[in-house]
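A.B. asks: what follows is a predicted structure for the sequence shown.
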Amino acid sequence: MRSKTIDVKCFCGAVIFHYQKVGLGRLLKCYLPRIIKDFTNISIDIKTGSYVFCPSCGEKIGVIIGIKGTRAVKLNQGQIKPFRLG
């Protein structure tokens, strides 16, 4: 599978994560183990249902969800700059 390191950015222009994107298509969620550098200070023991906010403008960029035993940030598509591999 294809893998690429990308910058996930808020619409205000601030970088939120450096993320290892795997596969083709839109970026809908970011698995916590694939976040290379985190600018939002998400803790390892963050609870499912917690919100993630932009460090610059303070807007809500996503919510923590559980997928097959792994935590991920389900991104608010209206708050991040669109990104697609493929």
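C.D. replies: Sure thing, it's come through. Numbers count the residues shown, from 1 in each chain.
A.B. asks: please make it C-alpha for all contacts and neighbour counts, starting now.
C.D. replies: Will do.
A.B. asks: residues in contact with the residue nearest in space to the middle of the chain?
C.D. replies: Against the mean C-alpha coordinate of the chain, by Cα atoms, centre = their mean, the closest residue is residue 30 at 4.0 Å. Shown in contact with residue 30 (Cα atoms under 8 Å, 6 or more residues apart in numbering): 19, 72-75.
A.B. asks: let me know the closest of those residues to residue 51.
C.D. replies: Nearest to residue 51 among those is residue 73, at 8.6 Å by Cα to Cα.
A.B. asks: pLDDT at residue 84, what is it?
C.D. replies: For residue 84, the pLDDT comes out at 69.
A.B. asks: distance check, residue 39 against residue 23.
C.D. replies: 23 Å (Cα to Cα, to the nearest Å).
A.B. asks: again but with residue 59, I slipped
C.D. replies: In this view, residue 59 and residue 23 are 28 Å apart by Cα to Cα.
A.B. asks: quick one: mean pLDDT over the helix or strand hosting residue 36.
C.D. replies: Using DSSP states H and E, residue 36 sits in strand 35-38. What strand 35-38 shows for mean pLDDT is 92.
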